[in-house]
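> A predicted structure for the sequence below; I have some questions about it.
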Amino acid sequence: MKKILSKVSYSLGVIALAGLSTTAVNAQEVLKFAHVYESSTPYHAAALRAAETFAKSTDNRYKMVIFPASQLGKETALNEALTLGTIDAIYTGIAFLGQSYGPISISDFPFTLRSYDHWKAYVKSDLFAEMSESYRKVSGNTIAAMTYYGARHVTSNKPILTPADMDGLKIRTPNAPAFQMFPNATGANPTPMAFSEVYLALQQGVVDAQENPLPTIQFKKFYEVQSNINLTGHITNSLAAIVSPITLKKLGAQDGQKLIDALQAAAAQASAEIVQSEIDLVAWFRAEGVTVNEVDRAPFIAAVKPALLAEGVPWSKDIYDRLQAIKE
């Protein structure tokens with residue numbers, strides 16, 4: 001009889017432990033991180049690293065699942081879902097932040113940032129902290145981390161060494177004021193066009209030129225249909241990782257900070273990788289027979305500056321001056 005009771009007790013114990021194990025698994029909370037970039041990009045790799053770091057730092061109480069390549073919607077839909085709390089974190093461009101708080105869009109405009117080092121100093125500055133807080137107050141969302149996206153350069157079938165070389169150039173740009181300011185200020189003809197159509201348009205001469213970061217020029221093979229890459233570095237783009245207020249409230253202060261720390265560490269690594277790839281790609285393009293032109297940017301900067309201080313820009317002169325005063 002005692003043996004039977006012992007076996008029953010043992011069985012009940014096993015069942016109880018199994019139940020506890022199942023409960024522990026079920027207790028792991030799943031967060032959703034969504035973005036529009038391909039799984040082959042350094043941004044997606046950074047998101048995966050952040051998810052791994054966050055899980056470890058919270059003893060696997062949380063699991064962050066990454067949804068790349070617009071699996072949960074385009075960028076507008078992702079921003080809306082973040083506000084609703086149906087997605088916990090996303091990557092988004094600075095232009096989308098500017099839709100909520102205009103002044104923060106300044107870094108997406110031509111020659112407001114001078115270099116990668118200027119970008120790094122800006123992201124760590126009081127100015128950026130103040131604008132991030134203003135964005136949070138308006139939108140509710142927290143900017144957790146910033147990733148360097150790359151400097152944009154003009155490709156063409158002739159050297160672009162002075163603003164005069166831009167005159168009359170039909171150049172494909174995204175359909176946004178930040179990207180059209182540079183060609184407008186230098187006498188070019190900005191031509192908005194879907195990104196998927198650019199290669200064929202260049203090949204057929206529908207447009208004369210386009211502008212993008214070096215990794216994009218390589219990935220999209222624009223160098224096959226353009227003989228010159230001109231290192232204008234006219235825009236320094238950023239990618240923001242933002243977190244829903246609903247998610248941060250749910251996580252609490254301690255775990256919320258762990259998520260932000262994980263995103264920042266991953267962003268720093270991705271940024272360093274991207275800037276190194278830009279350096280490496282100059283040599284790679286030249287080895288491919290492409291003419292890569294060093295450009296004196298000062299005349300281009302002078303040509304654009306009046307537009308950056310014109311009436312109607314979404315930032316004050318004080319913000320512009322503070323940004324320019326930040327030392328690399």
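Yep, it's here. Residues are numbered from 1 along each chain as shown.
> now do the contacts for residue 215.
150, 274, 277-278, 281 (CB atoms under 8 Å, 6 or more residues apart in numbering). In short, each C-beta sits where N, CA and C put it, glycine included.
> ok, it to residue 180 distance?
Between residue 215 and residue 180 the computed distance is 22 Å (CB to CB, to the nearest Å).
> most surrounded residue in the contacts of residue 215?
Sorting the contacts of residue 215 by how many neighbours each has (other CB atoms under 10 Å) puts residue 150 first, at 25 neighbours.
> quick check: the closest residue to residue 317 other than its chain neighbours vs residue 109, distance?
Leaving aside its chain neighbours, residue 317 sits nearest to residue 309 (6.1 Å; criterion: CB to CB, 6 or more residues apart in numbering). Per CB to CB, residue 309 is found 11 Å from residue 109.
> same check, this time on residue 310
Counting by CB to CB, the separation of residue 310 from residue 109 is 11 Å.
> what about these two, which has more around it?
Neighbour count, other CB under 10 Å: between residue 310 and residue 109, residue 109 has more, with 26 against 9.
> show me the contacts for that one.
Residue 109 makes contact with 178, 181, 235, 308, 313 under the criterion CB under 8 Å, 6+ apart.
> try residue 115
233, 236, 328.
> among the residues you listed, which one is most surrounded by other residues?
Most surrounded of those: other CB under 10 Å gives residue 236, at 24 neighbours.
> hang on, residue 270 packs against residue 43?
Yes. In terms of CB atoms under 8 Å, residue 270 counts as a neighbour of residue 43; the distance is 6.3 Å.
> overlap in contacts of the two?
Here residue 270 and residue 43 share the contacting residues residue 147, scored by CB under 8 Å, 6+ apart.
> which helix or strand contains residue 148?
Using DSSP states H and E, residue 148 sits within strand 142-156.
> from the chain's centroid, how far away is the following helix or strand past that strand?
As assigned by DSSP H and E, the chain's next helix or strand after strand 142-156 is strand 170-173. With CA atoms, centre = their mean, to the nearest Å as the basis, strand 170-173 stands 22 Å off its chain's centre.
> stretch 228-246 too?
On CA atoms, centre = their mean, the centre of stretch 228-246 falls 5 Å from the chain's centre.
> before we move on, what about stretch 238-257?
With CA atoms, centre = their mean, you get 17 Å for stretch 238-257.
> which outside residues touch that stretch?
31, 43, 47, 50, 58, 61-62, 82-85, 87-94, 97, 107-108, 119, 123, 140-149, 259-260, 263, 267.
> need the CA coordinates for that stretch. CSV is fine.
Provided in CSV are the C-alpha atoms of stretch 238-257 (Å, rounded to 0.1, in the frame of the first residue of the first chain):
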residue,chain,number,x,y,z
SER,A,238,19.3,58.0,-40.0
LEU,A,239,17.0,55.2,-39.0
ALA,A,240,15.2,55.5,-35.7
ALA,A,241,14.1,52.5,-33.5
ILE,A,242,11.0,53.7,-31.6
VAL,A,243,9.0,51.9,-28.9
SER,A,244,5.3,52.2,-28.2
PRO,A,245,4.3,53.9,-25.0
ILE,A,246,1.9,51.0,-24.3
THR,A,247,4.8,48.6,-24.5
LEU,A,248,7.0,50.6,-22.1
LYS,A,249,4.2,50.9,-19.6
LYS,A,250,3.7,47.2,-19.7
LEU,A,251,7.4,46.4,-19.3
GLY,A,252,7.9,48.8,-16.4
ALA,A,253,10.9,51.0,-15.8
GLN,A,254,13.5,48.3,-15.3
ASP,A,255,12.7,46.0,-18.2
GLY,A,256,11.8,49.0,-20.4
GLN,A,257,15.3,50.3,-19.9
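> number of residues surrounding residue 174?
Neighbour count of residue 174, defined by other CB under 10 Å: 17.
> so who does it touch?
By CB under 8 Å, 6+ apart, the contact set of residue 174 is 192, 195.
> give me the phi and psi for it.
Residue 174 has phi and psi values of phi -60, psi 160 when expressed as degrees, to the nearest 10.
> next: residue 291.
Taking degrees, to the nearest 10 as the convention, residue 291 sits at phi -80, psi 120.
> brilliant, that's me finished.
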